[in-house]
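In: sequence plus predicted model, see below.
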Amino acid sequence: MAIIDTLPLPADAESSATLSDSGFDYAVVDPDGSGFVDFLRSVSRGFLGEEPSDDEVESARRALRSRRLVGVFDPAGAEPASPVATVDSWPAELTVSPGRIAPLYSISAVTVAPTHRRRGIARAMLTGELRTAVSAGYAIAGLTVTEATIYGRWGFSPAAWASDVVVDTRRARWTGPVAPGRLDFVPRESLPERLAAVHERIRTRRPGSVAGWEGRWRGMAGLTPDAKDGKKVRAVAYRDLDGVERGILVYTIGEDPGDDYTAHELSIRALFADGDEAYAALWRYAIEHDLVARVTASLQSVVPPVQWMVSDRRAVTATLTDHHWLRILDVAGADLAPLRRNARSRARRARPARFRRRFVGRAHR
């Protein structure tokens, strides 16, 4: 199935009518228009962020220009131009098994203002997004979640898991492979291109992976205006014996909480490795870094190999977390043969038959 651009898709007519009956307007927001600033402020407020500066607005506009932005507006409110609910979407690719890619309707920036809760806004907005996805021919919709108990009512369920890793470096003597290549510091300004290159090579081999985008790489590199610790970002790249860049590690080092200057925390912002060699080289670098007592990393493998690369396996703690939630809109069209049994089991728990009759069917009227 070809990927269909979500940008020109209109706001769902049925959700528009439902929200209009409750006194709300439901509309697509032009990222190049004046309404974008109000949209971004509402998103920031929804995720407990600060008011965006002018530089942050322009950076976000650049990052979101290719996305379909939708807002719910209250004409009777004190700020009728500011949406009381937001969502955005964009076309993506999902790796369902090594070498097998499926189109994905990605959803993000889902917020509802606390002043407008329990008025049916989220229900209308999310079901509108799913109807839009179906009408555009998508068989799968996906999102990541802040509050995990919300999205099951729309048929979403965890499909790709990850682990948050903490390494006590004072117990973790390296016993893993010694990579034959070399490590070098690389400038922050080069990271978006470097991260994109390595990630693009590895994502098609890792089920649950999706394609990246420039805004994500710039955020990891600390190059966006809202990056409070951007100047602390450092990075090293691993090159194999043929001189090919196979891995990239992006990290920051925090303040030492003690008074002996040897217990800093190294926080990994990104660790992408194309092969076992690069993986071992980058983790060894982090664990053996001078004056560091603790290494942390999120979005690692469910069972991270690094725990078998140190002398004391208990020095590595991996906490499992749900990362990517999927909604199967069309089981046959999704072509998820390796995952179909689990998908059907999850979908039954989420009562998809009722959902499909109520929402998906209406999308084709």
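Out: Now that the structure is in, tell me what you want to look at. Numbers count the residues shown, from 1 in each chain.

In: if I pick the residue sitting nearest the centre point of the chain, what's in contact with it?
Out: Note on the chain: the residue nearest the mean C-alpha position is T144, at 6.0 Å, using CA atoms, centre = their mean. Taking CB atoms under 8 Å, 6 or more residues apart in numbering, we find T144 in contact with 108, 323-325. Where you see a C-beta, it was placed from the backbone N, CA and C, and this is true even at glycine.

In: which ChimeraX command selects the buried ones in those residues?
Out: Listed next is the ChimeraX selection for buried residues among the contacts of T144, using 16 or more other CB atoms under 10 Å:
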select :323,324,325
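
In: which of the contacts of T144 sit farthest apart?
Out: Across the contacts of T144, no pair lies farther apart than S108 and H323, at 13.6 Å, counting by CB to CB.

In: name the residues of stretch 148-166 that are buried.
Out: So for stretch 148-166, counting by 16+ other CB under 10 Å, buried means 151-152, 154-160, 162-163, 165.

In: now swap in stretch 15-27 and tell me
Out: In stretch 15-27, the ones that count as buried by 16+ other CB under 10 Å are 15-16, 18-19, 24-27.

In: same check, this time on stretch 310-324
Out: Those would be 310, 315-316, 318, 323-324, for stretch 310-324 by 16+ other CB under 10 Å.

In: remind me, longest helix of the protein?
Out: If you go by DSSP state H, the chain has its longest helix at helix 121-135.

In: mean confidence for it?
Out: Averaging pLDDT along helix 121-135 gives 97.

In: show me what that helix is packed up against.
Out: For helix 121-135, the packing partners by 3 or more CB pairs under 8 Å, 6 or more residues apart in numbering; DSSP states H and E come out as helix 13-21, strand 25-29, strand 68-73, strand 85-97, strand 100-112, strand 140-143, helix 361-363.

In: direction included, what does the fifth one pair against?
Out: Paired with strand 100-112 in the same sheet, following DSSP bridges, are strand 85-97 (antiparallel), strand 140-143 (parallel).

In: just say which of the ones you listed is most tucked in.
Out: strand 140-143 (a mean of 24; mean count of other CB atoms under 10 Å).

In: where along the chain do the helices fall?
Out: 13-21, 35-46, 54-64, 121-135, 191-202, 214-220, 276-287, 331-334, 340-349, 352-355, 361-363.
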